[in-house]
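Enquirer: Show me the folded form of this:
(one chain, ligands or ions: 2)
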Amino acid sequence: MTVSDPALAELLNSRIRDVPDYPKPGVLFKDIAPLLADAEAFAALVDALASRAKAHGATKVVGLEARGFVLAAPAAYAAGLGFVPIRKKGKLPGEVYGRSYELEYGSATLEVQCDAFEPGEKVLVVDDVLATGGTLSASLDLVRQAGAEPAGVVVLMELGFLPGRDRLTEHLGGAPLETLVLV
Ligand SMILES: O=P(O)(O)OC[C@H]1O[C@H](OP(=O)(O)OP(=O)(O)O)[C@H](O)[C@@H]1O
Ligand SMILES: Nc1ncnc2[nH]cnc12
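Expert: Ligands and ions are numbered 1, 2, ... in the order given. Okay, here's the model as predicted:
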């Protein structure tokens with residue numbers, strides 16, 4: 001397991017709120033709104049993501065709609081890198097690659113623009129939650145299909161009671177997966 005900074009993990013976890021039975025019965029929803037609203041915790045999170053982007057030699061930071069955007073875009077700015085969105089179906093203009101996937105409370109299709117990357121770019125993929133791993137698995141496949149190489153994946157939190165990490169392994173292709181908070 002790769003929770004590498006216990007003090008950061010404690011700060012971030014203290015600002016994540018549990019909401020039982022949202023968006024449907026049986027799901028324990030991890031609400032990051034209090035973390036985003038806390039200047040100290042949000043800055044610590046963005047700085048940690050930016051440092052991972054630099055450490056992995058990334059040339060772009062990729063964020064996954066929608067909560068991943070809120071983390072990845074400021075991290076890209078802080079690292080001096082460009083940002084690429086992976087969006088839900090039908091939101092991106094022009095030619096796109098698409099992948100369908102299952103998640104904890106439904107199914108969806110993600111898309112990336114075909115010209116989002118220069119060939120061979122190394123990217124850091126950022127999202128808020130690793131639950132079943134469907135979202136990140138689809139996203140990693142899309143990054144490769146669009147001609148870039150995942151240099152690493154960072155998630156704010158991993159739901160350790162779900163098999164997301166196992167499902168993700170084959171899609172990582174050796175890229176490191178780092179979890180800032182394990183719950
Ligand atoms: O590991 P998984 O089971 O795929 O679940 C994780 C994903 O689920 C949530 O996104 P959601 O699709 O709910 O979109 P949102 O960020 O727009 O709320 C979350 O932000 C992750 O992207
Ligand atoms: N339990 C959960 N809490 C917050 N976001 C999620 N995305 C998928 N599962 C989730």
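
Enquirer: The most centrally placed residue in the chain - nearest residue in space that isn't next to it in sequence?
Expert: For the chain, the residue nearest the mean C-alpha position is residue 127 (1.6 Å; CA atoms, centre = their mean). Using CB to CB, 6 or more residues apart in numbering and skipping residues adjacent in sequence, the residue nearest residue 127 is residue 68, 4.1 Å away. C-beta: built from backbone N, CA, C; applies to glycine.

Enquirer: I'd guess that neighbour is in a strand, am I close?
Expert: No - Residue 68 is assigned helix when assessed by DSSP: H, G, I helix; E, B strand; the rest coil, not a strand.

Enquirer: in what helix or strand does residue 7 lie?
Expert: Using DSSP states H and E, residue 7 maps to helix 6-13.

Enquirer: State the mean pLDDT of the helix or strand that that helix is followed by.
Expert: Scanning forward in sequence from helix 6-13 by DSSP H and E, the next helix or strand is strand 17-20. On average, the pLDDT along strand 17-20 is 98.

Enquirer: Can you spell out which helices and strands pack onto the helix or strand that strand 17-20 is followed by?
Expert: As assigned by DSSP H and E, the chain's next helix or strand after strand 17-20 is strand 28-31. For strand 28-31, the packing partners by 3 or more CB pairs under 8 Å, 6 or more residues apart in numbering; DSSP states H and E come out as strand 17-20.
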